[in-house]
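Q: Structure for the following, please:
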Amino acid sequence: MSTDLYSLEDHENPTSKNTFTWIKCNESTSAKRVYFYHNKDKTRWAIKGITGSFKDKDFLIYTFNIPYEEGNITKTYNLTYEFQAQESIDDPADAIITYMAEEAEVTITINTLTERATGSFKATFKDESAHMNVTGDFEMYEIQKEYP
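A: Here you go, the predicted structure:
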């Protein structure tokens, strides 16, 4: 599942109560924009936390996808390529670099009736991208609209 990052960058955090925080390189960050949605075919949930902007060349996003399920679910997922980090680079074309986790663990509780999800995550990346290693947590209070 892919979502146009430029379209996400221009949207305000749709639900200000949603939180997505992480610790990277011993620094704690709270995402400025948080997304919790499923794809159109309802095969995947996606959760994204974004800070910065392309314009300021300080864009940073952590995102992961897990299988779609309905109801009240509590599970732990071991992920690799489904957990990604992206950061802007100093380039006139507003380019970004995408890193895929070498190993990630996401523990999540989703209740689709109340549209609430809580959980935590930890991801490690290969040596050349180890600066993206992260731990964090999230609390979502609303499922946003579907994305393709």
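Q: CA only for contacts and neighbour counts going forward, please
A: Fine.
Q: wait, is Ile97 part of a helix?
A: No - secondary structure assignment (DSSP: H, G, I helix; E, B strand; the rest coil) places Ile97 in strand, not in a helix.
Q: pLDDT score for it?
A: Model confidence at Ile97, given as pLDDT, is 92.
Q: Could you do the one 3 residues further on as well?
A: At Met100, the model reports a pLDDT of 96.
Q: Which residue is the nearest non-sequential neighbour of it?
A: Gln84 (4.6 Å; CA to CA, 6 or more residues apart in numbering).
Q: Spell out the residue ranges of the helices in the chain.
A: Applying DSSP state H to the chain gives helices spanning 5-9.
Q: shaky segments in it?
A: Along the chain, the model assigns pLDDT under 70 to residues 1-16, 145-148.
Q: distance of Phe138 from Asp56?
A: 25 Å (CA to CA, to the nearest Å).
Q: More neighbours: which of those two?
A: Phe138 (21 against 10; other CA atoms under 10 Å).
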